[in-house]
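K.L.:
Sequence plus predicted model, see below.
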Amino acid sequence: MATVSRPSSLAARKMRIAISPRLRAINFFMRIRLACGNFRPIRSVTGFARVFPMHKSALLFPMAALLGLAGCDWTDPSQWGAMQRFREPFSRTEKLAGGGRVMLETFNGPIEIRGWDREEASVEAVKYASRQEVLDRMEVDVVADGGSLRVRVRQPENNCECGASLTVRVPRKVVLEEARTSNGAIVLESLEGSGKATTSNGKIQAWDLSGEWALRTSNGSVELDKAGGSVSARTSNGRVRVGGLRGRADVETTNGQIDAEIAEPQEGAPLVFRTSNGSISVKLNRWARNPLRIQTSNASITLALPEGVNADIRAATSNGRVTSDYEVTARDFGKNRLEGRLGGGGERIELTTSNGPIRIVRR
């Protein structure tokens with residue numbers, strides 16, 4: 001008679017331990033899907049569990065797939081399902097002189113701040129929650145004295161299934177101490193001065209800025225166009241795109257590509273671009289003796305330079321080639337490395353990657 005072996009209690013326990021985190025993860029993403037509405041289960045939870053290999057990295061693709069099925073844009077509150085069940089608008093207008101200081105803070109929602117030609121600030125907010133009693137306890141605090149404006153949306157409790165969006169108009173010339181949110185996008189437009197924008201799980205978009213700006217997010221892209229001044233942009237797991245920059249740049253991401261056009265670099269100011277597992281493409285429209293550093297891994301680098309560059313250059317990769325449209329007086333060269341002078345030499349250009357080519361091309 002044939003015998004059927006049964007797993008030992010220890011083996012069964014190990015199997016339950018291995019599967020349990022996957023069930024919890026799947027259940028979490030199913031709850032996300034339910035929050036977004038229109039949920040239609042495709043197969044049972046145990047059916048999903050059976051196809052999971054027993055190692056942690058295998059969670060990444062099913063999780064991403066479930067998020068994709070969810071069809072949720074987490075920077076768009078209108079898609080937050082139950083969290084949008086109860087809503088309440090808020091508006092306020094306050095005097096604010098040009099050059100004033102501004103601080104904005106909310107949570108689980110986007111922030112838009114735009115400049116205009118008025119000596120006043122317009123604040124519009126929309127509060128939303130899954131329960132009326134939670135909505136009633138949410139507060140939008142506005143403090144203004146003519147020279148400063150502070151707006152803060154207070155969270156009534158942790159994990160409240162609630163949030164708020166902010167739409168603010170201010171004089172063009174302001175000091176934005178910080179615009180801060182979480183799980184929401186930030187939009188900046190037509191601002192002169194300096195500022196900082198911080199979010200997580202949301203993108204940052206900025207147009208027509210001047211002055212010094214620091215943009216910070218995670219799990220979201222950064223897009224910047226027509227900026228005059230200095231820009232520091234940081235994200236992770238997201239792309240960075242910079243267009244028409246007139247000033248200094250310090251850009252960093254991980255697991256995302258960088259595309260940058262420097263229209264009018266600040267004379268002698270450093271230009272730094274760093275990522276990993278993503279390509280970098282940088283175009284300089286004018287040479288202004290800028291030290292330039294470009295670094296990535298497992299991806300390509302393309303640097304477009306104008307005529308008349310005088311710089312010391314070093315380019316190195318592994319498992320890739322280094323090519324240049326310009327003549328380089330080489331001190332050291334090979335298939336995957338190049339070190340020497342462009343023109344008469346000068347400021348240092350350093351290009352580094354691995355498992356990808358490096359191209360130096362004419363603009």
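P.N.:
All right, it came through fine.

K.L.:
Excluding covalently adjacent residues, which one is nearest to Asn319?
P.N.:
Spatial nearest neighbour of Asn319, excluding adjacent residues (C-beta to C-beta, 6 or more residues apart in numbering): Asn355 at 4.7 Å. Every C-beta, even on glycine, is put in place using the N, C-alpha and C of the backbone.

K.L.:
pretty sure the one you found contacts Gly320?
P.N.:
Yes. Between Asn355 and Gly320 there is a contact under C-beta atoms under 8 Å: 6.5 Å.

K.L.:
more neighbours, these two?
P.N.:
Counting neighbours by other C-beta atoms under 10 Å for Asn355 and for Gly320 shows that Gly320 has the greater number, 19 against 14.

K.L.:
My understanding was that that one contacts Thr352; is that so?
P.N.:
No. Under the criterion of C-beta under 8 Å, Gly320 is not in contact with Thr352, lying 11.1 Å apart.

K.L.:
So which residues make contact with whichever strand or helix holds Leu351?
P.N.:
Per DSSP states H and E: Leu351 is located in strand 347-352. Contacts of strand 347-352 from elsewhere in the structure, counted by C-beta atoms under 8 Å, 6 or more residues apart in numbering, are 268, 289-296, 301, 303, 310-317, 342, 358, 360.

K.L.:
and whichever helix or strand comes after it, what other elements does it pack with?
P.N.:
Per DSSP H and E, the first helix or strand lying C-terminal to strand 347-352 is strand 358-362. If contacts are counted by 3 or more C-beta pairs under 8 Å, 6 or more residues apart in numbering; DSSP states H and E, strand 358-362 sits against strand 301-305, strand 311-316, strand 322-324.

K.L.:
Now render those strands as CSV, adding distance to Ser165 and mean neighbour count.
P.N.:
Formatted as CSV, the entries for those read as follows, by distance: least, C-beta to C-beta, whole Å; neighbours: other C-beta atoms under 10 Å:
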stretch, distance to Ser165, mean neighbour count
strand 301-305, 38, 21
strand 311-316, 46, 20
strand 322-324, 48, 19
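
K.L.:
could I get these as JSON lines with mean pLDDT?
P.N.:
Shown next, in JSON lines, are those (pLDDT from 0 to 100):
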{"stretch": "strand 301-305", "mean pLDDT": "99"}
{"stretch": "strand 311-316", "mean pLDDT": "98"}
{"stretch": "strand 322-324", "mean pLDDT": "97"}
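
K.L.:
Minimum distance to Asn201: which of those strands has it?
P.N.:
Of all those, strand 301-305 sits nearest to Asn201, with 28.7 Å by C-beta to C-beta.

K.L.:
quick one, what contacts Met103?
P.N.:
Applying C-beta under 8 Å, 6+ apart, the residues near Met103 are 148-152, 176-178.

K.L.:
May I have the phi/psi pair for it?
P.N.:
phi -130, psi 130 (degrees, to the nearest 10).

K.L.:
same thing with Arg216?
P.N.:
Given degrees, to the nearest 10, the pair of backbone angles that Arg216 has is phi -130, psi 130.

K.L.:
Repeat that for Val134.
P.N.:
Backbone torsions for Val134, taken as degrees, to the nearest 10, come to phi -70, psi -40.
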